[in-house]
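>>> Give me the fold of what follows.
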Amino acid sequence: MNVALASLSVEPGQANEDFAAAASGVAVLLDGAGVAGADTGCTHGIAWFSSTLGGLLLSTITAHPARPLADCLADSIRAVRSLHEDSCDLSYRASPTSTVVAVRAGAEALEYLVLGDSTLLLADQDGKATAITDQRLDEVGNRLRGPVDHLPTGSPEHAAALARYRDALTGLRNRPGGFWIAGPDAQAAEHALTGVVPLESLASVTLLSDGATRLVDSFDIATWEGALSVLGSSGPDELIYRVREAESGDPDGRRWPRGKTRDDATVLHWLL
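Numbers count the residues shown, from 1 in each chain. The predicted structure follows:
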């Protein structure tokens, strides 16, 4: 496998809640999520949850090449639950969760799974890019976050509006009419987006957390093809650097309203 991987936390020394890894013919990326300031009921934290689930998912997919990816994810969620349900109260609404992107290359096809707002970017042999993202979180969020986006990022008013928004969003997590994400309940895996793509049609496969896709889907200063060009010429570190550069130029979210000035950013770029 020819894989390039870069990951950068919000601030140096701060726990990175993203996780990405690859094994032979398999890659996974997870972006841990929680509710800022809320009691999670878990003593381990979000970074522990995403990295533990990610490691178990990678090993499960690799060990069971014929098992559907959604089943592998459900098995892994149950395994993580068994590791801490005796020490943590997983009934909390704000218990740790994570997005999931997983791919597995077989002899002729690439299987994929996407759950939550991380992105799978497929590039064909002609350089055309296809982004696969679970839009349900964005659809719910767009209905709720109007008051947040009209306030300067980082201000006390923004923080209060953001807390109310996140509380409302958490109430719609893993519910019909809301959105689905990996958490304590393995049932979420049944709602993942899954599919199969002919392997011969692909030039590369890229897994990105939403902190790394901001140039395209939040800031609108690059296209997916442009992002692929950066990855091909300079690699994932350069793509993340450009995200950070844009964020630094708009620290209060006036140009690009957003919940966080910065976010953990992770890119796994796999050349086939």
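
>>> so how far is Gly45 from Leu137?
The spacing between Leu137 and Gly45, counted by Cβ to Cβ, to the nearest Å, is 21 Å. No exception for glycine: its C-beta is placed from N, CA and C like everyone else's.

>>> So those two - more neighbours on which side?
Neighbour comparison, Leu137 and Gly45: the larger count goes to Leu137, with 22 against 15 (by other Cβ atoms under 10 Å).

>>> these two touch, right, the more buried one and Leu172?
No: with contacts defined as Cβ atoms under 8 Å, Leu137 does not count as touching Leu172, sitting 9.1 Å away.

>>> Give the residues shared as contacts by the two.
Common neighbours of Leu137 and Leu172 are listed as Phe179 (criterion: Cβ atoms under 8 Å, 6 or more residues apart in numbering).

>>> Now for Pro152, how many residues are close by?
Pro152 has 13 neighbours, counted by other Cβ under 10 Å.

>>> and the gap between the closest residue to it other than its chain neighbours and Val10?
Nearest non-adjacent residue to Pro152, counting by Cβ to Cβ, 6 or more residues apart in numbering: Asp252, 4.3 Å away. If you measure Asp252 against Val10 using Cβ to Cβ, the figure is 16 Å.

>>> ok, the two, which is more surrounded?
In this comparison of Asp252 against Val10, neighbours counted by other Cβ under 10 Å, the higher total goes to Val10 at 16 against 13.

>>> now that one: how far from Ala222?
The value you get for Val10 to Ala222, if Cβ to Cβ is used, is 21 Å.

>>> same check, this time on His44
When distances are taken as Cβ to Cβ, His44 and Ala222 turn out to be 36 Å apart.
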